[in-house]
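heads up, no residue letters with this:
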């Protein structure tokens, strides 16, 4: 099946794996909630015993890596092309979520360290934005 949209996460290659996984989980959950079940191509899988494994996306999800500054540029391009996206920043860690909200509000975009972003949009546009990134390994 060919999907009209491409789903890509770009993870900061300079952060620890646990922080990276947390970032991907938070921003992808947020984007998925905004998009809804149908747009995320979610299905329930069932094993032979009748156990259900719900809400698994049939859409490919490509994980790439880059530097904070490269992720910032990708987000700017996504905004310019009106591509749906999510972002996870260094200000979104430590303390309570209210402290994280306050820390983010006190930080300029140039001061932010981009831990990760997720993009979902027309296949060609997302490919154009992400073509210089390497696969995360």
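That came in fine, so what should we check first? None of the values given here were measured: they were computed from a predicted structure.

tell me where the protein has helices.
Remark: helices assigned in the chain by DSSP state H are 17-35, 68-80, 97-105, 123-130.

what packs against the second one?
Spelled out, it's helix 68-80. strand 5-12, strand 84-89, strand 114-122, helix 123-130 (3 or more Cβ pairs under 8 Å, 6 or more residues apart in numbering; DSSP states H and E). (C-beta placed from N, C-alpha, C; glycine too.)

run through who's touching that helix.
10, 12, 14, 66, 83-85, 87, 109, 112-117, 119, 121, 129-130, 132-133 (Cβ atoms under 8 Å, 6 or more residues apart in numbering).

rerun at 10 Å
The contact list for helix 68-80 (Cβ atoms under 10 Å, 6 or more residues apart in numbering) reads 8, 10-15, 64-67, 83-90, 109-110, 112-121, 125-126, 128-130, 132-133.

what's opposite the residue most central in space within the chain in the beta bridge?
When Cα atoms, centre = their mean is applied to the chain, the residue found nearest the centroid is residue 118 (2.3 Å). Per DSSP bridges, the residues bridged to residue 118 are residue 9, residue 86.

how far off centre is stretch 130-137?
Its chain's average C-alpha position is 14 Å from that of stretch 130-137, according to Cα atoms, centre = their mean, to the nearest Å.

turn the helices of the chain into a markdown table, including mean neighbour count.
Compiled in a markdown table, these are given as follows (neighbours: other Cβ atoms under 10 Å):
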| stretch | mean neighbour count |
| --- | --- |
| helix 17-35 | 16 |
| helix 68-80 | 17 |
| helix 97-105 | 12 |
| helix 123-130 | 17 |
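
out of those, which gets nearest to residue 52?
Among the helices of the chain, helix 17-35 comes nearest to residue 52, with 18.4 Å by Cβ to Cβ.
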